[in-house]
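Here is a sequence together with a model predicted from it:
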Amino acid sequence: MRRKNNAQMIILMGVILALAVFAISTLSADIINLDTVITVERSTSIVPEFAYVKETFGKAMNYNLINNVSNVLIDKNNTVIFKGNPDGIQENFTKTRDQLYALELPYGNILNAKLNRYWYAYTIDQKYVYYLDVTITLYDGNTYLTEDVTYSIVCEI
């Protein structure tokens with residue numbers, strides 16, 4: 001008698017497992033048919049992109065202030081320093097913001113930057129160093145990142 005009970009338990013477990021597999025496959029088919037699409041751009045974080053924009057903005061701002069190629073300096077540490085006219089800071093800020101906005105837009109990111117203020121800091125080798133206080137914002141439809149950044153700009157009057 002005992003052997004019959006054991007066999008019935010094995011058959012019962014087999015039937016339960018078969019029903020479980022059937023139920024899971026039915027649920028999986030329903031989930032697949034939800035028509036939910038997650039694009040690659042939205043499934044990744046914009047934090048690395050935001051860090052890149054912060055780093056690039058100051059360099060692009062300095063570059064846009066250059067009047068000609070002779071306005072490029074290389075300091076003692078082999079760092080490239082651009083110089084330009086501080087009278088054009090506001091205009092070149094707008095130009096830089098628009099250029100970076102156009103670069104970010106194809107990736108579904110909206111870039112906004114606001115020049116809060118700029119001020120004279122000090123003179124180095126007859127070049128005037130200005131600080132720019134900029135608020136940078138990057139938005140991808142889900143994530144909104146913003147930060148105040150201070151850039152150092154080298155100008156020649």
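Yep, that arrived.

Relative to residue 18, how far out is residue 104?
Applying Cβ to Cβ, to the nearest Å, the value for residue 104 to residue 18 is 53 Å. From N, CA and C alone the C-beta is placed, and that goes for glycine too.

same deal with residue 47?
For residue 47, the distance to residue 18 (Cβ to Cβ) stands at 47 Å.

same question, residue 57
On the measure of Cβ to Cβ, residue 57 and residue 18 end up 61 Å apart.

likewise residue 63?
Applying Cβ to Cβ to residue 63 and residue 18 gives a distance of 68 Å.

ok, those two, which is more surrounded?
residue 63 (17 against 10; other Cβ atoms under 10 Å).

name the element that one belongs to?
According to DSSP states H and E, residue 63 maps onto helix 47-64.

list the helices and strands that helix packs on?
For helix 47-64, the packing partners by 3 or more Cβ pairs under 8 Å, 6 or more residues apart in numbering; DSSP states H and E come out as strand 80-82, helix 89-104, strand 127-139, strand 144-155.

Which of these sits closest to residue 114?
Of all those, strand 127-139 sits nearest to residue 114, with 4.6 Å by Cβ to Cβ.

So which elements touch that closest one?
Partner elements for strand 127-139 (3+ Cβ pairs under 8 Å, 6+ apart): helix 47-64, helix 89-104, strand 110-124, strand 144-155.

re earlier: want to try JSON lines for the helices and strands packed on helix 47-64, with distance to residue 8, mean neighbour count and mean pLDDT as columns?
Below are the helices and strands packed on helix 47-64 laid out as JSON lines (distance: least, Cβ to Cβ, whole Å; neighbours: other Cβ atoms under 10 Å; pLDDT from 0 to 100):
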{"stretch": "strand 80-82", "distance to residue 8": "83", "mean neighbour count": "16", "mean pLDDT": "56"}
{"stretch": "helix 89-104", "distance to residue 8": "67", "mean neighbour count": "17", "mean pLDDT": "88"}
{"stretch": "strand 127-139", "distance to residue 8": "63", "mean neighbour count": "17", "mean pLDDT": "87"}
{"stretch": "strand 144-155", "distance to residue 8": "62", "mean neighbour count": "16", "mean pLDDT": "86"}
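
Turn the ones you listed into CSV, columns for distance to residue 52.
As requested, the helices and strands packed on helix 47-64 are exported to CSV (distance: least, Cβ to Cβ, whole Å):
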stretch, distance to residue 52
strand 80-82, 18
helix 89-104, 10
strand 127-139, 10
strand 144-155, 12
